[in-house]
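Novice: Sharing a model that was predicted from the sequence below.
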Amino acid sequence: MNECPHVAALPRPEVSPLSDTCLECRAAGSHPVQLRLCLECGHVGCCDSSPFRHATAHFEETSHAVMRTFEPGESWRWCFVDGSIV
């Protein structure tokens, strides 16, 4: 894993999730695939394997760079700006 300047700028302690699922998928009647948690604001969105790619859309709309998996038993983080696991 790489350390990036975006990780150092994250709120401490880690933000709480705003929901337990991708609310955009729920509103669209779609089933989210692999949830992701924005580590800046707590938004929960679906991954790029989902039809609507709401986690990536959230980054594109907000510039919130770092997310982590919101899947049980997983703990990796991804920086959209650096394009790498951090």
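Specialist: Sure, I can see it.

Novice: Which neighbouring elements make contact with the helix or strand of the chain with the lowest mean pLDDT?
Specialist: Least confident helix or strand of the chain, by mean pLDDT, DSSP states H and E, is helix 5-8 with a mean of 91. Identification of packing neighbours for helix 5-8 by 3 or more Cβ pairs under 8 Å, 6 or more residues apart in numbering; DSSP states H and E yields strand 77-79. Glycine gets a C-beta too; all of them are placed from N, C-alpha and C.

Novice: Report the mean confidence score over the strand it packs on.
Specialist: Averaged over strand 77-79, pLDDT sits at 97.

Novice: Return the list of strands paired to the helix or strand just after that strand, each annotated with direction.
Specialist: Once the chain leaves strand 77-79, the next helix or strand it forms, by DSSP states H and E, is strand 84-85. Sheet pairing for strand 84-85, assigned by DSSP bridges, gives strand 77-79 (antiparallel).

Novice: What residues sit buried inside the strand it pairs with?
Specialist: Arg77, Trp78, Cys79 (16 or more other Cβ atoms under 10 Å).

Novice: Give the buried residues for stretch 37-49.
Specialist: For stretch 37-49, the buried set under the neighbour-count rule, 16+ other Cβ under 10 Å, comprises Leu37, Cys38, Leu39, Glu40, His43, Val44, Gly45, Cys46, Cys47.

Novice: circling back: neighbouring contacts of the least confident helix or strand of the chain?
Specialist: Ala65, Val66, Arg77, Cys79, Val81, Asp82, Val86 (Cβ atoms under 8 Å, 6 or more residues apart in numbering).

Novice: Now for the third one: which residues touch it?
Specialist: Under the criterion of Cβ under 8 Å, 6+ apart, the contact partners of Arg77 comprise Met1, Val7, Leu39, Val66, Met67, Arg68, Thr69, Ile85, Val86.

Novice: Can you name every helix or strand that the longest helix belonging to the chain contacts?
Specialist: Longest helix of the chain, by residue count under DSSP state H: helix 54-62. If you count contacts as 3+ Cβ pairs under 8 Å, 6+ apart, helix 54-62 packs onto helix 23-28, strand 35-38, strand 44-46.
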